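S.K.: Okay, here's the prediction I keep looking at, along with the sequence it came from:
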Amino acid sequence: MTDIPAIEVTGLRRSYGDQVVLDAIDLHVPEGSVFSLLGPNGAGKTTMVRILATLIRADEGVARICGHDVAREPDRVRAVIGMTGQFSALDDYLTGEENLLLMADLNHLGRTERRRRTKDLLDRFGLAEAARKPAVTYSGGMRRRLDLAMGLMGRPKVIFLDEPTTGLDPRSRRDMWQIVRDLAGQGVTALLTTQYLEEADQLADRIALLDHGRLVAEGSPEELKRLVPGGHVELRFADDQALKRAAVALDVPPDGEPLVLRVPGDNRIQTLRNLLGRLDAAAVEVEALSVHTPDLDDVFFAVTGAGR
């Protein structure tokens, strides 16, 4: 690990004619983390990735990958990144092994290294048995794993994952999630764009929400969930008498559900300690307790205005 951020963006702007696609975006992504870009269609997510991958230029601002300026040092940037998703270079008519060997050639690996690296990636992504079969015969999950394996051939320090699990069945999605977690554990930084809010919640250390080209919120999943109201602690009691005493002690009226009291609050430890302390002082026993917080769907709609 180094002190240099994997991705650093300052004042990034991009327009297409009169349409502003990115408007003064600042981002800081630490090495070895998973960072997710979320936002409605047209929010600027893909444009951001394309700029960072040196595929297009920004109009203003500075973007660096592992300390290299994407505009001034594109070759250095390309040497440390990998891409998967809509940027796939998968050839359906080549076998899985041939696809990887081709990618090894594009990364200028020597004969011994290309063979060794190809075998390692086939084994790592569970593709060894299908290595000699054409990619066109692969299932959706296998194709995504092969695509990601190809993106990792050059041992990138940063990988862009653009909608990596779209169309996959639940098991294949979870397999892909574990692969992403393993990559981060090995120090690879992942920039993830996804349409699945649950995916960002599961994988991302931090999330940036884009709307109409502007950064409208950023933080860890838990930090973002605290931005919107609706969190509560649900208490369940053994009988009506305990429920009524708890309602008085906490100054919260019952909401009609039998033996259940919902207390507005958050999931911070101190909040729970205070609540339980008040119940203990009133000699009220709680049969069950659960904490409910807004999810990323709530955050998404609250801060982007989607659906309005």
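M.R.: The structure has been received and is ready for your questions.
S.K.: alpha carbons only for contacts and neighbour counts from here, please
M.R.: Noted.
S.K.: and the residue lying farthest from the centre of the chain, helix, strand or coil?
M.R.: No residue in the chain sits farther from the centre than residue 241, which is 45.8 Å out by CA atoms, centre = their mean. Counting by DSSP: H, G, I helix; E, B strand; the rest coil, the backbone at residue 241 sits in helix.
S.K.: show me what contacts it?
M.R.: Neighbouring residues of residue 241 by CA atoms under 8 Å, 6 or more residues apart in numbering: there are none.
S.K.: Make 20 the starting number, not 1.
M.R.: Sure, I'll start counting at 20 from here, so that last one is residue 260.
S.K.: Roughly how far does it sit from residue 111?
M.R.: As judged by CA to CA, to the nearest Å, residue 260 and residue 111 stand 68 Å apart.
S.K.: before we move on, back to that, ok, the residue farthest from the centre of the chain to residue 24 distance?
M.R.: Using CA to CA, we find residue 260 at a distance of 57 Å from residue 24.
S.K.: likewise residue 87?
M.R.: Per CA to CA, residue 87 is found 10 Å from residue 24.
S.K.: next one: residue 182
M.R.: Applying CA to CA, the value for residue 182 to residue 24 is 23 Å.
S.K.: what about the stretch 70-219 of the chain, any weak spots by pLDDT?
M.R.: Within the stretch 70-219 of the chain, the stretches with pLDDT under 70 are 105-107.
S.K.: which SSE is residue 119 in?
M.R.: helix 115-125 (DSSP states H and E).
S.K.: again with residue 94
M.R.: Counting by DSSP H and E, residue 94 is part of helix 93-97.
S.K.: What residues of that helix count as buried?
M.R.: Residues 93, 96-97 are the ones in helix 93-97 that count as buried (16 or more other CA atoms under 10 Å).
S.K.: Then stretch 111-128?
M.R.: 113-123, 128.
S.K.: closest to residue 164 among the residues you listed?
M.R.: Lowest distance from residue 164 to the buried residues of stretch 111-128 (CA to CA) belongs to residue 115, with 10.2 Å.
S.K.: For that closest one, which non-adjacent residue is closest in space?
M.R.: Leaving aside its chain neighbours, residue 115 sits nearest to residue 150 (4.9 Å; criterion: CA to CA, 6 or more residues apart in numbering).
S.K.: and if you look at residue 240?
M.R.: residue 220 (5.8 Å).
S.K.: Neighbours of that neighbour, how many?
M.R.: 17 (other CA atoms under 10 Å).
S.K.: In which helix or strand does it reside?
M.R.: helix 216-222.
S.K.: How are the strands of the stretch 70-219 of the chain distributed by residue range?
M.R.: 79-84, 87-88, 100-103, 177-181, 208-212 (DSSP state E, counting those that start in this stretch).
S.K.: Starting from the fourth one, tell me which strands it pairs with and how they run.
M.R.: Using DSSP bridges, strand 177-181 pairs in its sheet with strand 100-103 (parallel), strand 208-212 (parallel).
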